[in-house]
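Asks: With the input below, show me the fold.
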Amino acid sequence: MHTASLSPDAFESVLARLPPDLDVDALALATRAIERARKIVDGKALLRLALARGPGGLSLNQTAAWATMAGLPPLSDPSLKYRLDKAVPFLKALMERQLASQARSTTLHWPGRVLRLVDGTSIEQPASTGTDWRVHAGFDLGSGSFSHLELTDGRGAESIERGAPVAGEVRIGDRNYANAGPLHRLCQQAGHVDFIVRVRWKGFALTRPDGTPFDLVGHLATLSQDAGPQDAGPQDVLVHARVSGTERLPMRLIIQRRPPAHAESTRQHLRRNASRKQKRLDPRSLVAAEFLIVATSLPALGYPADEVLTAYRLRWQIELAFKRLKSLLHIGQVPTRTAAASQSWLYAHLILALLCDGLSQEVLASSPSGRC
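Replies: Numbering: from 1, shown residues only. Below you'll find the model as predicted:
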């Protein structure tokens, strides 16, 4: 059933799922989404229109017709588009209030620490050949829901620094987030913040703690020649990554040999990719393909290497969350062509995604009682 078909009574139940201290009408006025009480006089009606146009799956013409049938004032297509375009700051602020309201995480894996995954997903406009918009997200493993959502255009780069950290946070990202400068700044934040990121063999300029250069690929080649049992535990190496000038980022490299079939599959992919681009394949990449390499600022005491790897492997949770956005809410491609219309459409979807997060967590938190 489309969101657009919700009766007024059903929409009131949707509003009841928003943060209890949120005054939707006051927020619409504060963000100047509504300035004059003409036709659309309050934030609730504006939100309802945005949900009908966005995740409701209606065109502008259908939304205008539906609004009249639902008892809202009649609107022409241009008038409706103007109001939804102007509602972008309102919808963004509403999404941010939702995120702030559910930012209470439960402890997972390590007492006193909050595990948060970060990633981004690309979104295209009609007939596009690249990325037009990008949703940057943080996903709280304790609450099982998004803790940060940020919408940028296609030029918005992924960064470990997107989203304010919380006390005790351990931020987990893939290789796109392995950048020494942002990681160093993240660790300088108040409240005991750490990171776990996957590492490319050439991602950092590395030294040993005594300042001598550390050749990561040379070290991997030694491990490869010295191959032990397949189920051997990970190796833990303390290194420093150059940030700028004399500034260094202390961290641990945790190195785990991958299963032979996985390593060979990666090597074949690297060879095909180099052949397709008509580039010479760096032999060091073939050496690194044999290993999973993770960097972390967490100390060895209390955070064993195998547990750090287990935490990193939970990244699939945020990938599933993005798949839900694209397969269930169909957020992967916007039907609009202008920036304001696309933002309005996307923010409406993200608001609904957060409402769904809250509902799913309530279902998971409820336990059956009595006999079946």
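
Asks: quick one, strands of the stretch 1-150 of the chain?
Replies: Along the stretch 1-150 of the chain, the segments classed as strands by DSSP state E, counting those that start in this stretch run 114-123, 133-140, 145-153.

Asks: Looking at those, which is nearest to residue 29?
Replies: Comparing the strands of the stretch 1-150 of the chain by their distance to residue 29 (CB to CB), the top pick is strand 145-153, with 22.7 Å. For glycine as for every other residue, the C-beta is placed from the backbone atoms N, C-alpha and C.

Asks: Pairing partners for that closest one, with directions?
Replies: strand 133-140 (antiparallel) (DSSP bridges).

Asks: ok, and what's touching the partner strand?
Replies: If you take CB atoms under 8 Å, 6 or more residues apart in numbering as the criterion, strand 133-140 is touched by 103, 105, 114-125, 145-154, 156, 158-159, 162-163, 171, 317-318, 321-322, 325, 331, 334, 342, 346, 350.

Asks: what angle do it and strand 114-123 make?
Replies: 160 degrees (axes from the mean of the first three to the mean of the last three CA atoms, to 10 degrees).

Asks: Looking at strand 133-140 now, give me its mean pLDDT.
Replies: What strand 133-140 shows for mean pLDDT is 96.

Asks: Also stretch 177-197?
Replies: pLDDT averaged over stretch 177-197 gives 94.

Asks: and what of stretch 224-239?
Replies: Mean predicted confidence for stretch 224-239 is 77.

Asks: What of stretch 313-333?
Replies: Mean predicted lDDT for stretch 313-333 stands at 92.

Asks: measure that stretch end to end?
Replies: 28 Å (CA to CA, to the nearest Å).

Asks: Just the residues contacting it, thanks.
Replies: 55, 57, 115, 117-119, 121, 123-126, 135, 137, 139, 141, 144, 146, 172-174, 346, 349-350, 352-353.

Asks: filter the residues you listed to the buried ones?
Replies: Buried subset of the contacts of stretch 313-333 (neighbour count, 16 or more other CB atoms under 10 Å): 55, 115, 117-119, 121, 123, 125, 135, 137, 139, 141, 144, 146, 172-174, 346, 349-350, 352-353.

Asks: returning to what we had before: among the strands of the stretch 1-150 of the chain, which is nearest residue 286?
Replies: strand 114-123 (27.0 Å).

Asks: which strands and helices sit next to the closest one?
Replies: Where contact means 3 or more CB pairs under 8 Å, 6 or more residues apart in numbering; DSSP states H and E, strand 114-123 is packed against strand 133-140, strand 145-153, strand 169-173, helix 316-327.

Asks: Would you mark the buried spots in the last one?
Replies: Read that as helix 316-327. For helix 316-327, by 16+ other CB under 10 Å, it's 317, 318, 321, 322, 325.

Asks: which one of these sits closest to residue 87?
Replies: Of the buried residues of helix 316-327, the one sitting nearest to residue 87 (CB to CB) turns out to be residue 325, at 20.6 Å.

Asks: Relative to residue 319, how far out is the closest one?
Replies: 11 Å (CB to CB, to the nearest Å).

Asks: Looking at the buried residues of helix 316-327, which is nearest residue 284?
Replies: residue 318 (29.5 Å).
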